[in-house]
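> Here you go, sequence then predicted model.
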Amino acid sequence: MRKTFLILILLAGPVMLRAQTALPTTYSYSEDPALSIIAPTQVTLHRDGPKEFIEQVIPPSPGRPTEFRSHILYDFQAHKIWTKVLSEPGTPCSVMEYASSAAPAEFDFISGGADLVKEFTNDGKNIPQTIGKEVLNGIPTTVEEVGSPQGKGKIWLADQGGFPVKVMGPGADGKLETIIEIKQLSFAKPPASVFTPPAGCQAIGGEATANGVHAEIGGDSGEKTGFSVTNVTLKPIPNYIGACPAHVTMMATITTDGPGTVWYQFGAGQQNPGKTVKFTAAGTQTVSDGMTFTVEPKFGDDLGASAAVMAVMEDKQGGHALFGKSSNNSDFSVHCRR
């Protein structure tokens, strides 16, 4: 929800792209919060030239009793990406080809800063109002204000590099809340040990890029189906008003280019257990799942949520890649009558 909500905020007013200066290739920082469509997320990032390490953490929250933690290692020179989910020991570490020359912009706000600013500002067609200068978390920035139907938002752009350091937008109560923020930025060289690939990773066929991934588990030695998920669409979820706990039904369509078993998982601030659906031929099927939400008094009377679903074709042994085809996300709210 945060990414989509942020774009809606920043598309509302006229924004000029800041001139880009030479970007560093050696740096470390944390993002808290970071962009996520599932739940509030924390990211720690280290880059040294052609290598980049990212730790992603989704802390426990209402409806999510356990922490999610993953490590991702990119080697842009060797064109490889390693992924390990530390919070799920039963999930195998994976390694696959990586074609892009940088990490996805939603992870790396420095190398992907220009793309993020373009996305946030409707390809530079909107021009916000500069309202001042501020050193934020040790980073000299220019503060800009934008308007939207929901209220005014703010974006802090680094004077050197023009990348977003912080973005705030109106929350459900109309008050500004932080959407993304860079903290603890350092340009010192990270220790080499950070970039050591994990051992025992399973090779996955296919190719990942900064914009997505097509993958089949098993690499050259696994039994592949030869087919994949080509599209996943989540249907709009209506806002809920009623007694709590709230039971919300989510529906999506999954399309494949051939027969096989598809593993899919719904998420909306919490993640449901994965399920499977069988395809006897290429085509589209509708799947659904339910999710329960309880609004705690300390969080107010309304809960904002954003749902998404991911789907991936299983191999002939019933395994599947860590990455799959992701759907659009659907924002909705839960209001409990008391």
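Nice, I can see it.
> drop to CA atoms for contacts and neighbour counts, all remaining ones
Will do.
> got a list of what T66 touches?
Counting by C-alpha atoms under 8 Å, 6 or more residues apart in numbering, T66 makes contact with P59, P60.
> Let's see stretch 89-106 as PDB, backbone CA atoms only.
Output in PDB follows, covering the C-alpha atoms of stretch 89-106 (Å, rounded to 0.1, in the frame of the first residue of the first chain):
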ATOM      1  CA  PRO A  89      14.900 -22.400   7.500                       C
ATOM      2  CA  GLY A  90      12.900 -24.900   5.300                       C
ATOM      3  CA  THR A  91      13.100 -22.600   2.300                       C
ATOM      4  CA  PRO A  92      16.200 -23.400   0.300                       C
ATOM      5  CA  CYS A  93      18.800 -20.700  -0.600                       C
ATOM      6  CA  SER A  94      18.700 -19.900  -4.300                       C
ATOM      7  CA  VAL A  95      21.100 -18.500  -6.900                       C
ATOM      8  CA  MET A  96      20.100 -17.400 -10.400                       C
ATOM      9  CA  GLU A  97      21.200 -15.200 -13.300                       C
ATOM     10  CA  TYR A  98      20.700 -11.400 -12.900                       C
ATOM     11  CA  ALA A  99      20.700  -9.300 -16.000                       C
ATOM     12  CA  SER A 100      20.400  -5.700 -14.700                       C
ATOM     13  CA  SER A 101      23.400  -3.500 -13.700                       C
ATOM     14  CA  ALA A 102      21.800  -2.300 -10.400                       C
ATOM     15  CA  ALA A 103      19.400  -3.500  -7.700                       C
ATOM     16  CA  PRO A 104      15.700  -2.700  -7.900                       C
ATOM     17  CA  ALA A 105      15.000   1.000  -7.300                       C
ATOM     18  CA  GLU A 106      12.600   0.100  -4.400                       C
END
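> can you list contacts of that stretch?
34-35, 52, 74, 76-77, 79-85, 111-113, 115-116, 198, 200-211, 322.
> In PyMOL, how would I select just the buried ones from those?
In PyMOL, a selection of the buried entries from those looks like this (16 or more other C-alpha atoms under 10 Å):
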select buried, resi 34+35+52+74+76+79+80+81+82+83+84+85+111+112+113+115+116+202+203+204+205+207+208+209+210+322
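> Sitting in strands, which of the contacts of stretch 89-106 do you find?
Residues of the contacts of stretch 89-106 located in strands (DSSP state E): 34, 52, 74, 80-85, 202-209.
> What count of nearby residues applies to V309?
27 (other C-alpha atoms under 10 Å).
> Secondary structure of Q160: a strand, I assume?
No - the assignment for Q160 is coil, going by DSSP: H, G, I helix; E, B strand; the rest coil, so no strand is present there.
> Flag the shaky bits of the stretch 151-300 of the chain, pLDDT-wise.
151, 171-174, 211-225, 269-270, 294-300 (pLDDT under 70).
> Which residue ranges of it form strands?
Using DSSP state E, counting those that start in this stretch, the strands of the stretch 151-300 of the chain run over 151-158, 164-170, 176-186, 202-209, 212-217, 229-234, 240-242, 246-256, 260-267, 275-279, 283-293.
> Quick one: closest of the ones you listed to V334.
Nearest to V334 among these is strand 240-242; the distance by C-alpha to C-alpha comes to 4.7 Å.
> Direction included, what does that closest one pair against?
strand 330-336 (parallel) (DSSP bridges).
> quick check: mean pLDDT across the partner strand?
The pLDDT scores in strand 330-336 average 83.
> What lies in contact with that strand?
Contacts of strand 330-336 (C-alpha under 8 Å, 6+ apart): 1, 234-246, 293, 295, 301-308.
> The closest residue in space to D115 that isn't next to it in sequence in helix, strand or coil?
Distances taken as C-alpha to C-alpha, 6 or more residues apart in numbering place A105 nearest to D115, at 6.8 Å, with adjacent residues excluded. Here A105 is recorded as coil under three-state DSSP.
> Look up how far A34 lies from A105.
11 Å (C-alpha to C-alpha, to the nearest Å).
> Please apply the same query to P191.
For P191, the distance to A34 (C-alpha to C-alpha) stands at 23 Å.
> Equivalent analysis for E52, please.
Counting by C-alpha to C-alpha, the gap from E52 to A34 is 17 Å.
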